[in-house]
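> Based on what follows, work out the 3D shape:
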Amino acid sequence: MKKVSVLGCGAWATAVSRLMADNLRNLNEFHEEVKMFVHNEMCGGKSLADVINETHVNDVYFPGFEIPKNVVASCDVHDVVCDADVLAVVYPSRYVPWLLDRIQGSVKDNAYFITFTKGFIIGPDGKSLELVSDAIRERTKRPCVAVIGATTALEVAWKHFTEATIGSTNMDLANEVKKLLKAPYFRLSISQDEVGVELCGALKNVIAIAAGVATGLKFGDNTKSAVLRLGFWEMLQLMKELYPNRGVRGVTLEESCGVTELFVCMTHRPEKLPALGSDMDLMNISLGQELATKRRFSEGAVTKTFQPPVTFVDGAEYAHVIYNILKARNRLDNYPLFVAVHKMCQGQLSPTHFLESLRSHPVHR
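Presented below is the predicted three-dimensional model:
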């Protein structure tokens, strides 16, 4: 029987572990145990892995939700990886290279990966990016499938109806992943545009900051809808520009990985953030609103005020690297929304002037 492991212990990783553990009890071709890699940290004088195994609750990152007893946590990444046939990577994108370094030589020959990470890896020069799935394939020589959607951990744990998109050109793997995750409250569609699916999850973090600014400045519904639409347009153009030969399709943005992710960006209320179980991508919305309402004219000035404090917000980092890429290509004029988000985060543009930067958008010429 096949075995499944989850690499990660944050809110979304815990929600994914719960979902898979429930499903595996009814899938005859899979072993029902789910191993979960937990970073070696303490919780109440014990390792978090021990706390999870004893109490079946992740008190640090996802308190209040019982974890099925067939989830077994471990701080030993080799033990979690070595006998797994399916490896779910639920890690912040900036830490994925660290994780891949530590599992080198431990992965089974016939294993494959699922990335749930809504982000990409930024190059050391801050002027290049790499898809998480590409990094996994390159460094492990194993296949990788992406699962992206409007999937806040808290609502999945509450079993609210949720959709996600599976991105893969390997239909056999995609269908197996669908079987592993499908539940009455969790439904999935499959897209062979694996690059588009994954990029949607990353690029929407930039649009989320713009949405937060629009909310913070109390823009009307017409204006907020225009911001969303322009962000949608720039996302598609950027996906095609960054990966011109990888089969990116506009229809991908109609999937859960696209339009519904943007909808969450526009409708999420930042005051709900403390209850969201550390869903880091939703920090982007709060960052945008804080930039607009508190007049703190830089990302760093805002993140210091978050409780608990955070050292980075994905959307701001992605806006920065995308700005550098577009500048090198002399393409800044084609992406005024992405440029504006970067400048607001860097303290180079007041949020009150954000709308002015969109009035001469290329789609209106």
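
> Residues contacting stretch 135-148, please?
89, 96-97, 100, 103-104, 107, 111-116, 118, 121, 132-133, 164-168, 170, 173-174, 177, 181, 188, 194, 197-198, 200-201, 256-257, 261 (C-beta atoms under 8 Å, 6 or more residues apart in numbering). (Glycine included, C-beta is placed from N, CA and C.)

> for this protein, what are the low-confidence residue spans?
Low-confidence segments of the chain, defined by pLDDT under 70: 265-281, 295-312.

> what ranges do the strands span in it?
2-7, 30-37, 42-43, 46-47, 57-58, 62-66, 71-74, 86-89, 112-115, 120-122, 129-131, 144-148, 162-167, 186-191 (DSSP state E).

> got the ones you listed as a markdown table, with distance to residue 80 columns?
Listed next are the strands of the chain as a markdown table, based on distance: least, C-beta to C-beta, whole Å:
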| stretch | distance to residue 80 |
| --- | --- |
| strand 2-7 | 5 |
| strand 30-37 | 4 |
| strand 42-43 | 18 |
| strand 46-47 | 14 |
| strand 57-58 | 16 |
| strand 62-66 | 18 |
| strand 71-74 | 5 |
| strand 86-89 | 9 |
| strand 112-115 | 13 |
| strand 120-122 | 22 |
| strand 129-131 | 23 |
| strand 144-148 | 17 |
| strand 162-167 | 23 |
| strand 186-191 | 23 |
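
> if you compare those strands, which one is most tucked away?
Among these, strand 144-148 has the highest mean neighbour count (mean count of other C-beta atoms under 10 Å), at a mean of 28.

> in its sheet, what does it sit against?
The pairing partners recorded for strand 144-148 under DSSP bridges are strand 112-115 (parallel), strand 162-167 (antiparallel).

> on that earlier part again, and the strands of the chain: which comes nearest residue 221?
strand 162-167 (24.1 Å; C-beta to C-beta).

> Distance from the chain centre to that closest one, please.
Centroid separation for strand 162-167 versus its chain: 12 Å, with C-alpha atoms, centre = their mean, to the nearest Å.

> Export only the CA atoms of that strand, formatted as CSV.
Extracted C-alpha coordinates of strand 162-167, given in CSV (Å, rounded to 0.1, in the frame of the first residue of the first chain):
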residue,chain,number,x,y,z
THR,A,162,-14.2,24.7,-0.7
GLU,A,163,-12.8,24.4,-4.2
ALA,A,164,-9.2,24.0,-5.4
THR,A,165,-7.4,23.4,-8.7
ILE,A,166,-5.0,20.6,-9.5
GLY,A,167,-2.3,21.7,-11.9
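
> what ranges do the helices span in the stretch 201-350 of the chain?
221-242, 261-267, 283-293, 299-303, 314-328, 336-345 (DSSP state H, counting those that start in this stretch).

> Figure out which of those is closest to residue 31.
helix 261-267 (32.6 Å).

> Perfect, I'm done here.
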